[in-house]
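Participant: sequence and predicted model, in that order:
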There are 2 protein chains.
Amino acid sequence: MNKKIKPITSPPSKEELSTRLENVQALMKEHDLDYYACFDPVNIYYLTNFAFYVHERPFILVIPREGVPTMLIPKLERGHVKSRARCELNFEVYFEFPCKLGENWHDHYSNLIPSRANVGVESTMPMAIVNHTPGKIQVLDLIEEVRIIKTDYEIGRCVHACKVVNKGHKVLLKNCKPKTLLFALYKEATNAMISYIIKDIPNANFKVTETMGIVWPPSISHDPHLVPKIFDSIEEGGPHVSIVQAQVDGYGVEIERTFFIGSIPEKAIKPFETILKARELAYSMLKPGTLMSEIDIKVKKFIAEQGYGNYILHRTGHGLGITGHEAPYLAEGYDRPLRSGMLVSVEPGIYIPGIGGFRHSDTVLITEEGYEKFTKAPETRDEVLLKT
Amino acid sequence: MNKKIKPITSPPSKEELSTRLENVQALMKEHDLDYYACFDPVNIYYLTNFAFYVHERPFILVIPREGVPTMLIPKLERGHVKSRARCELNFEVYFEFPCKLGENWHDHYSNLIPSRANVGVESTMPMAIVNHTPGKIQVLDLIEEVRIIKTDYEIGRCVHACKVVNKGHKVLLKNCKPKTLLFALYKEATNAMISYIIKDIPNANFKVTETMGIVWPPSISHDPHLVPKIFDSIEEGGPHVSIVQAQVDGYGVEIERTFFIGSIPEKAIKPFETILKARELAYSMLKPGTLMSEIDIKVKKFIAEQGYGNYILHRTGHGLGITGHEAPYLAEGYDRPLRSGMLVSVEPGIYIPGIGGFRHSDTVLITEEGYEKFTKAPETRDEVLLKT
């Protein structure tokens, strides 16, 4: 936990991207696949550095067992792909969606894979594409599997992204005064983060750059996935719960805090202390080898013993990386061990209607020695009691 | 074209949503389906008014041939769904993703559909869900089909959304001076639109509200799907191409213009005039009954006759509604007739490396009499020549 990891803001090198591809191709060999067809924009971004929104014109990356992948793209996007992709690629270009008979995307696509091939596809692959995929098809999430262990480059990018959310969260808390509109907070926090990002990465790709900074005031903090109304405002007391997230030129992280303004309501003290202890318990298990399901089971058991078992709404944590939500999961049912290089959120929560929500979340790297927390903000009862 | 359609800013009524559902159920009967399973967040929004981002916890709407649909949701989102959905719904709630054996989303899901049922699924349905769907499965885009013809309510919402983009485009053009940074333009245009939206719809759902206002300066306007760099700037001359889009509390529209600053380069005159004429040709065919493929074929033929056949990168237009890109398509290969109630973009384009891009786009309703254009901005050569 004392190794200092440097933030990285440069785009991935060709070597970084070819290492990722080789890791996928190694898994393809293990599963005896001749081809892997990839449609998920997140996975395509991971392997190529090219980002796009899903629309009716499909992009499909066809990865052979060895050698250079071929990307099926619409003509309109050729310049866009070439300007962003930083790996070796072959292209198969179709004109439009829809197109005249014989020139549609699937006419081009079905030529890229021999009909006797063993072909892997993602579990997110849409039926319309699976139905046009030649060969013997198996559903296997190989790229998501590779993404679970971060490369040094990815870790450096996430360290930088955490600096961005740390800054955003600081600005957010500084502006949290009774009656401040949530919309005003949102603008302050996101402006601060966007300014930080474009200062460090002037050519950041805005298709994969997004910032969010918002607070759930006590009246709704018990319901953590409601979308707060922008004309609602900060209140005295608490618990408020903040969420500050950023995807910084492709790398997504989060920080969240439970906090109070002016005073802590009597009824909020025990659940808040319980969450701090649940968090400590989770952190005490964060090291290579621990089963992720075990962490969640023990944390939930502890919360239940304190009398709050009926107020748990979610697992203890989830992975982060080029998205803000991905495998692995600190969740009952996910019986895999932690490994060095995983990046996860740690965020046990309690949600009590009439009292409010209690959750801190941080972005944490699993290391050989245990873990390293990349996000930083007030944590203890004294620290999270803000002045009015 | 003289009927004045009023803008609507209120959320959909229960009746509006049940009409949409009935239209889907009528198609289910035509195709002899017992159930239709819907995963696409756009389609779920269309039927329920509930919006979500796709993440690893699936939401699935199971529609029976008759009666009330059941939505499979994660426990965490129950409050969120209930606060936004405005139709009758049953709920099937699972705890988390992943979950302990026997309590996963698919354990709940597979109980919602009998194993002998005829089941329709969307072409965008991911393999992981299809593989857990009981019954005899057919891929049929029934909800997308219903969405092609807009209800009066949807039209009113889109009229309002067009007022937002008209305003955004006006602000964008006003700020277009040589050396203005694209990022500054983006902020001016999006701030203007967001302010307009929250004035008219204070409770707008920000999960389905998004604004974009940007300009492709002459150096990149020939490549319409590049992502402009935010520190690039407006130049003298042209062609510049603007894109102003908004999804306004769920309803998406666009306006785009080719424009010049100070002067029009000699080489740009003929392609610009060609685009104006190609546009006129497209509009002259906009009425119920015209085959959409015919419009695209004739427009492309005209452009080719003017010598720009090699510089066409896309179809003549696409549908809009609760997304900014959807069926129907004004495209060769899409051999269906226009019908009253369709909402489409009209945007033939020419893209010449070394000279630039030429495209106007508007959001246009097909009416019994022909069409009604909802967006408004400078169009002619004189109008699009701005002062330095």
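Facilitator: Received it, and whenever you're ready, just let me know what you need.
Participant: in the stretch 251-388 of chain A, what residue lies closest to chain B?
Facilitator: residue A:333 (4.1 Å; C-beta to the nearest C-beta). Glycine gets a C-beta too; all of them are placed from N, C-alpha and C.
Participant: can you confirm residue A:351 is in a strand?
Facilitator: Yes - judged by DSSP: H, G, I helix; E, B strand; the rest coil, residue A:351 forms part of a strand.
Participant: tell me how many other residues crowd it.
Facilitator: 23 (other C-beta atoms under 10 Å in any protein chain shown).
Participant: for the residue of the stretch 251-388 of chain A closest to chain B, which non-adjacent residue is closest in space?
Facilitator: residue B:98 (4.1 Å; C-beta to C-beta, 6 or more residues apart in numbering or on different chains).
Participant: cool, residue A:303 as well?
Facilitator: Counting by C-beta to C-beta, 6+ apart, residue A:278 is the residue found nearest to residue A:303 once chain neighbours are left out, at 5.4 Å.
Participant: swap in residue A:218?
Facilitator: residue A:356 (4.7 Å).
Participant: roughly how far apart are that neighbour and residue B:303?
Facilitator: Residue A:356 sits 61 Å away from residue B:303, taking C-beta to C-beta, to the nearest Å as the criterion.
Participant: strands of the stretch 251-388 of chain A, residue ranges please.
Facilitator: Secondary structure of the stretch 251-388 of chain A, counting by DSSP state E, counting those that start in this stretch: strands at A:251-261, A:317-319, A:326-330, A:343-346, A:349-352, A:356-359, A:362-366, A:371-373, A:385-386.
Participant: how about a markdown table for these, with mean pLDDT added?
Facilitator: What follows is the strands of the stretch 251-388 of chain A, written out as a markdown table (pLDDT from 0 to 100):
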| stretch | mean pLDDT |
| --- | --- |
| strand A:251-261 | 98 |
| strand A:317-319 | 98 |
| strand A:326-330 | 97 |
| strand A:343-346 | 98 |
| strand A:349-352 | 98 |
| strand A:356-359 | 98 |
| strand A:362-366 | 98 |
| strand A:371-373 | 98 |
| strand A:385-386 | 98 |
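Participant: so which helix or strand takes in residue A:144?
Facilitator: helix A:142-147 (DSSP states H and E).
Participant: can you tell if that helix touches chain B?
Facilitator: No - Helix A:142-147 does not reach chain B (C-beta under 8 Å from any C-beta of the partner chain); its nearest approach is 9.9 Å.
Participant: now do the buried residues in that helix.
Facilitator: Using 16 or more other C-beta atoms under 10 Å in any protein chain shown as the test for burial, helix A:142-147 gives A:142, A:143, A:144, A:146, A:147.
Participant: which residues of the stretch 1-150 of chain A lie near chain B?
Facilitator: A:55-56, A:75-77, A:79-80, A:83-84, A:96-101, A:103-104, A:121-128, A:130-131, A:139.
Participant: so what does residue A:121 have for phi and psi?
Facilitator: The phi and psi torsions at residue A:121 (degrees, to the nearest 10) take the values phi -130, psi 160.
Participant: do you know how far residue A:325 is from residue A:317?
Facilitator: On the measure of C-beta to C-beta, residue A:325 and residue A:317 end up 11 Å apart.
Participant: more neighbours: which of these two?
Facilitator: residue A:317 (25 against 17).
Participant: hang on, that one packs against residue A:343?
Facilitator: No - between residue A:317 and residue A:343 there is no contact under C-beta atoms under 8 Å: 10.3 Å.
Participant: OK, contacts around the residue nearest to residue A:218?
Facilitator: A:218, A:221, A:222, A:238, A:239, A:241, A:268 (C-beta atoms under 8 Å, 6 or more residues apart in numbering or on different chains).
Participant: which regions of chain A sit below the pLDDT cut-off?
Facilitator: A:1-3 (pLDDT under 70).
Participant: give me the angle between the longest helix seen in it and strand A:251-261.
Facilitator: When chain A is parsed with DSSP state H, its longest helix is helix A:152-174. With axes from the mean of the first three to the mean of the last three C-alpha atoms, to 10 degrees defining the directions, helix A:152-174 sits at 30 degrees from strand A:251-261.
Participant: which bits of the stretch 251-388 of chain A sit near chain B?
Facilitator: Residues of the stretch 251-388 of chain A lying near chain B by C-beta under 8 Å from any C-beta: A:313, A:314, A:315, A:318, A:325, A:326, A:327, A:329, A:331, A:332, A:333, A:334.
Participant: most neighbours out of the residues you listed, which is it?
Facilitator: residue A:315 (29 neighbours).
Participant: pretty sure it contacts residue A:344?
Facilitator: No - the criterion here is C-beta under 8 Å, and residue A:315 misses it with residue A:344 at 10.6 Å.
Participant: what's the overlap in contacts for those two?
Facilitator: residue A:330.
Participant: hang on, the earlier thing: okay, buried residues for the longest helix of chain A please.
Facilitator: A:153-173.
Participant: can you check stretch A:89-102 too?
Facilitator: The neighbour-count check on stretch A:89-102 (16+ other C-beta under 10 Å) flags A:89, A:94, A:95, A:96, A:97, A:98, A:99, A:100 as buried.
Participant: what about that stretch, distance to the chain center?
Facilitator: 32 Å (C-alpha atoms, centre = their mean, to the nearest Å).
Participant: can you give me the strands in the stretch 101-250 of chain A?
Facilitator: Going by DSSP E, counting those that start in this stretch, the stretch 101-250 of chain A shows strands at A:118-121, A:136-139, A:210-216, A:237-248.
Participant: could I get those as JSON lines with distance to residue B:191 and mean neighbour count?
Facilitator: Shown next, in JSON lines, are these (distance: least, C-beta to C-beta, whole Å; neighbours: other C-beta atoms under 10 Å in any protein chain shown):
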{"stretch": "strand A:118-121", "distance to residue B:191": "42", "mean neighbour count": "23"}
{"stretch": "strand A:136-139", "distance to residue B:191": "45", "mean neighbour count": "16"}
{"stretch": "strand A:210-216", "distance to residue B:191": "16", "mean neighbour count": "22"}
{"stretch": "strand A:237-248", "distance to residue B:191": "20", "mean neighbour count": "25"}
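Participant: check contacts around the residue positioned nearest the centre of chain A.
Facilitator: Nearest to the geometric centre of chain A sits residue A:324, at 1.6 Å (C-alpha atoms, centre = their mean). Each residue near residue A:324 by C-beta under 8 Å, 6+ apart is listed here: A:245, A:247, A:252, A:253, A:254.
Participant: also residue A:63?
Facilitator: A:21, A:24, A:25, A:28, A:35, A:36, A:37, A:38, A:47, A:69.
Participant: chain center to the helix or strand hosting the fourth one, what's the gap?
Facilitator: What it means is residue A:28. Assigned by DSSP H and E, residue A:28 falls within helix A:14-30. Chain-centre distance of helix A:14-30: 21 Å, with C-alpha atoms, centre = their mean.
Participant: buried set for the next helix or strand after it?
Facilitator: The helix or strand immediately downstream of helix A:14-30 is strand A:35-38, counting by DSSP H and E. Of the residues in strand A:35-38, those buried by neighbour count under the rule 16+ other C-beta under 10 Å are A:35, A:36, A:37, A:38.
Participant: what of stretch A:113-130?
Facilitator: In stretch A:113-130, the ones that count as buried by 16+ other C-beta under 10 Å are A:113, A:117-122, A:124-130.
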